[in-house]
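>>> build me a structure from this.
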Amino acid sequence: MSKAFIDIDVTLDFMIAREPFAMDAARIFSLSEKKQISICTTGLVFSNAYYVLGKLGSHKKVIEKLTHLARLINIIGLPKISVIQALESEFGDFEDALQHYAALSEDVKIIITRNTKYFKHSQLAILTPDQYFKSRA
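Model (predicted):
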């Protein structure tokens, strides 16, 4: 079973049914529920999602949505070595560097994101949801 890191944009597409991306995001989470893919993210994604969702709903509703998300996805750590690697990297976006090195530390092979341009220095396969589905065909 492949192991993929799910970036914040895909997570939010799923959580707030952001069109036209919601269907592909929902398919990824569905594959995870069916044990056809193992998906993970870091706690940073939860923090970022809380911030965005907090603008759209009450604290209680946001916590309910994040609790549901936590049941669907593995949450990986952000070890010190990943932070150091991110600080020393050529990534233009520090948060993406953190996510990348956290995924590497967990032997993840794929990052699924719609923001592929931010991962040009990645050592992992960087795929949009659509590219991911085409690679499975």
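>>> quick check: the gap between residue 115 and residue 12.
The gap separating residue 115 from residue 12 is 12 Å, by CB to CB, to the nearest Å. In this view, the C-beta of every residue, glycine as well, is placed from N, C-alpha and C.
>>> ok, residue 86 next?
Separation of residue 86 from residue 12 (CB to CB): 22 Å.
>>> excluding its backbone neighbours, what's nearest residue 85?
residue 101 (4.3 Å; CB to CB, 6 or more residues apart in numbering).
>>> I'd guess residue 39 is in a strand, am I close?
Yes: under DSSP: H, G, I helix; E, B strand; the rest coil, residue 39 falls within a strand.
>>> so it touches residue 28, yeah?
Yes: using CB atoms under 8 Å, residue 39 is in contact with residue 28, at 6.6 Å.
>>> and residue 24, how many neighbours does it have?
19 (other CB atoms under 10 Å).
>>> now the top helix by length along the chain: buried residues?
Scanning the chain for the longest helix, with DSSP state H as the assignment, gives helix 59-72. For helix 59-72, the neighbour count (16 or more other CB atoms under 10 Å) marks 62, 65, 66, 69 as buried.
>>> hey, where'd the strands end up in this protein?
Assigned by DSSP state E, the chain shows strands spanning 2-6, 37-42, 74-76, 110-112, 125-127.
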